[in-house]
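Trainee: Just need the structure, nothing else, for what follows:
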Amino acid sequence: MTSIVIAGGGVGGLTAALALGKAGFEVAVYEAHPVADADIGAFLTLASNGMVALAQLDAARPVAEAGFPLTALRLTDDTGAEIAVRPMGGHDDPLTRYRCLLRAELCAVLRSEALRRGIPIRHGKRLVAAAEDATGVTARFGDGGTARCDLLIGADGLNSTLRRLIDPAAAPRRYAGQRVFYGYAAEAPRAERPGTFEMVRGSEAAFGYAVSPGGTTYWFARVTGAELSAEEIAAGTAVRWRAELLPLLRRDATPAADIVAATGDRLMATNAHDLPAVGPWHTRRMLIIGDAAHAASPATGQGASMAMEDAVVLAKALRDAGTIDAALETYEGLRRPRTDANIAASARMTGARPVRAGSGSGGEASRSSPSGGDEDLLRLLDWTSRLP
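Mentor: The predicted structure follows:
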């Protein structure tokens, strides 16, 4: 039986573990953080394509139960005037509709599913090196431990160690030109349209929010400006971030300023990053997936869903191909054009410089932010079908 080690126990790594386990491989997850749920509180919207991928792995229901549904997207301008309203997701199946939830909640569900299926997860295991030979690969971790396997997968994020091991000349992450603020307001005004994600095209910031069934407003703001230093982020407080945001948001006739003003200590800031052209994704026995291979800025909201697509397509490629080499070639050929399109679309939305990300052809935003009704995508993800 082919043995696989996954470096990284986040969304991409855990979903890949579920997919590879379902395909019959011996898989183990090695996570750098010493404890579970290390994320301090970011939330995400999981799109229909992500839910479709999870459904192939029999994991959509617990994820759906952990989040709350989003059924419509409403866009307004800085005056509060409505620009457009459109449905989010087009499936009759409630398990494939958009969901909003904390990243830590999503990881907790995926981790629980992996453990329930007998997939080992080892914490405090930060990948620092790997040695590949004719019969396998040996992964080395910061605590001095090692793991021997047939295939090493790096789901270790934007600052991936395995990406640098595969390609020592790999370009570093790129600042996408925007600071991202996010928070949670328990005392904000109640939603007028339950299940609607509200996007505000403000004069100084892009602002988005949704209200949970319990009445908490989940929100983010993207603001063009200089990159925050690591020291600024570490020293940042809710008071500071509110003071930075409110003067920008109060210029507009929208609810954004009131929502931020009603937010207590659960207010955080970070930078939007993406990856410029990434060279090889794999060697004969090592592969990067998710943000390690194709990180986009958060504008399209597709990071988690793209990683879930990766997991299903990779597992199917390894299941159906005759060799690991053939499987990795098939996987990269199918995934590059789609993830390139998402990177390009997010870059346009954040105002970052255009970049050719990898060897794919780019594409339109509609292709990088697909609905579950995309027939080509559905065929690709369908667990019972073979890959083209």
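Trainee: chain center to the longest helix anywhere in the chain: distance?
Mentor: Counting residues, the longest helix found in the chain (DSSP state H) is helix 324-350. Counting by Cα atoms, centre = their mean, to the nearest Å, helix 324-350 is centred 14 Å from the centre of its parent chain.
Trainee: okay, and the helix or strand of this structure with the least pLDDT?
Mentor: Least confident helix or strand of the chain, by mean pLDDT, DSSP states H and E, is helix 365-368 with a mean of 33.
Trainee: related to what we said a few turns ago, could you give me the average pLDDT of the longest helix of the chain?
Mentor: The predicted model assigns helix 324-350 a mean pLDDT of 93.
Trainee: Report the separation between Ile233 and Leu380.
Mentor: Remark: distance between Ile233 and Leu380 (Cβ to Cβ, to the nearest Å) = 37 Å. C-betas here are computed from N, CA, C, even on glycine.
Trainee: before we move on, which element is the residue of the chain most remote from its centre in?
Mentor: Distance to the chain centre peaks in the chain at Ala134, reaching 33.1 Å (criterion: Cα atoms, centre = their mean). Using DSSP states H and E, Ala134 sits in no helix or strand.
Trainee: The one 4 residues further on too?
Mentor: Counting by DSSP H and E, the element that carries Thr138 is strand 137-141.
Trainee: Run through the residues that contact Asp291.
Mentor: 12, 157-158, 160, 275, 303, 307 (Cβ atoms under 8 Å, 6 or more residues apart in numbering).
Trainee: okay, the closest residue in space to Ala170 that isn't next to it in sequence: pLDDT?
Mentor: Excluding the flanking residues, the one nearest Ala170 by Cβ to Cβ, 6 or more residues apart in numbering is Arg163, at 5.1 Å. pLDDT for Arg163: 97.
Trainee: from now on call the first residue 804
Mentor: Okay, residue one is now 804; in that scheme the one you just asked about reads as Arg966.
Trainee: Can you check my assumption that Arg966 lies in a strand?
Mentor: No - assessed with DSSP: H, G, I helix; E, B strand; the rest coil, Arg966 is helix; it does not lie in a strand.
Trainee: Who are the packing partners of the longest helix of the chain?
Mentor: Packing partners of helix 1127-1153 (3 or more Cβ pairs under 8 Å, 6 or more residues apart in numbering; DSSP states H and E): strand 977-988, strand 1070-1077, helix 1094-1097, helix 1106-1123, helix 1168-1171.
Trainee: Kindly format the C-alpha coordinates of the helix or strand just after the last one as CSV.
Mentor: In other words, helix 1168-1171. For helix 1168-1171, the following helix or strand on the C-terminal side (DSSP H and E) is helix 1178-1184. The C-alpha atoms that make up helix 1178-1184 are tabulated as CSV, following Å, rounded to 0.1, in the frame of the first residue of the first chain:
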residue,chain,number,x,y,z
GLU,A,1178,-20.7,20.8,-15.3
ASP,A,1179,-17.0,20.4,-16.0
LEU,A,1180,-16.2,20.9,-12.4
LEU,A,1181,-18.8,18.5,-11.2
ARG,A,1182,-17.5,15.8,-13.6
LEU,A,1183,-14.0,16.4,-12.3
LEU,A,1184,-15.0,16.1,-8.7
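Trainee: pLDDT on helix 1178-1184, on average?
Mentor: Mean predicted lDDT for helix 1178-1184 stands at 92.
Trainee: try stretch 1066-1074
Mentor: pLDDT averaged over stretch 1066-1074 gives 95.
Trainee: which residues of this protein score low on pLDDT?
Mentor: By pLDDT under 70, the low-scoring segments of the chain are 839-843, 893-894, 994, 1154-1176.
Trainee: Please work out how many residues are found near the closest residue to Leu918 other than its chain neighbours.
Mentor: Excluding the flanking residues, the one nearest Leu918 by Cβ to Cβ, 6+ apart is Ile924, at 6.5 Å. Residues near Ile924, counting by other Cβ atoms under 10 Å, number 18.
Trainee: what is Ile924 paired to in the beta sheet?
Mentor: Residues in a beta bridge with Ile924, per DSSP bridges, are Val832.
Trainee: I'd like the distance between Gly853 and Pro997.
Mentor: Distance, Gly853 to Pro997, by Cβ to Cβ: 22 Å.
Trainee: of the two, who's got more company?
Mentor: More crowded of Gly853 and Pro997, by other Cβ under 10 Å: Gly853, with 29 against 15.
Trainee: How far off centre is the helix or strand containing the more buried one?
Mentor: Using DSSP H and E, the element containing Gly853 is helix 851-859. The chain centroid and the centroid of helix 851-859 are separated by 13 Å under Cα atoms, centre = their mean.
Trainee: What segments of the stretch 954-1103 of the chain are helices?
Mentor: Applying DSSP state H, counting those that start in this stretch to the stretch 954-1103 of the chain gives helices spanning 964-969, 1033-1038, 1041-1052, 1059-1064, 1094-1097.
Trainee: Could you export these to TSV, including columns for distance to Gly947?
Mentor: Formatted as TSV, those follow (distance: least, Cβ to Cβ, whole Å):
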stretch	distance to Gly947
helix 964-969	16
helix 1033-1038	27
helix 1041-1052	39
helix 1059-1064	46
helix 1094-1097	23
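Trainee: Would you mind listing the residues in contact with Glu935?
Mentor: Contacts of Glu935 (Cβ under 8 Å, 6+ apart): 955, 1086-1089.
Trainee: Quick check: the residue nearest to Ala973 vs Gly927, distance?
Mentor: Taken as Cβ to Cβ, the span from Arg966 to Gly927 is 21 Å.
Trainee: Compare these two (neighbour count), which wins?
Mentor: Arg966 (27 against 14).
Trainee: shouldn't the more buried one be in contact with His1085?
Mentor: No - Arg966 lies out of contact with His1085 (Cβ atoms under 8 Å); the separation is 10.5 Å.
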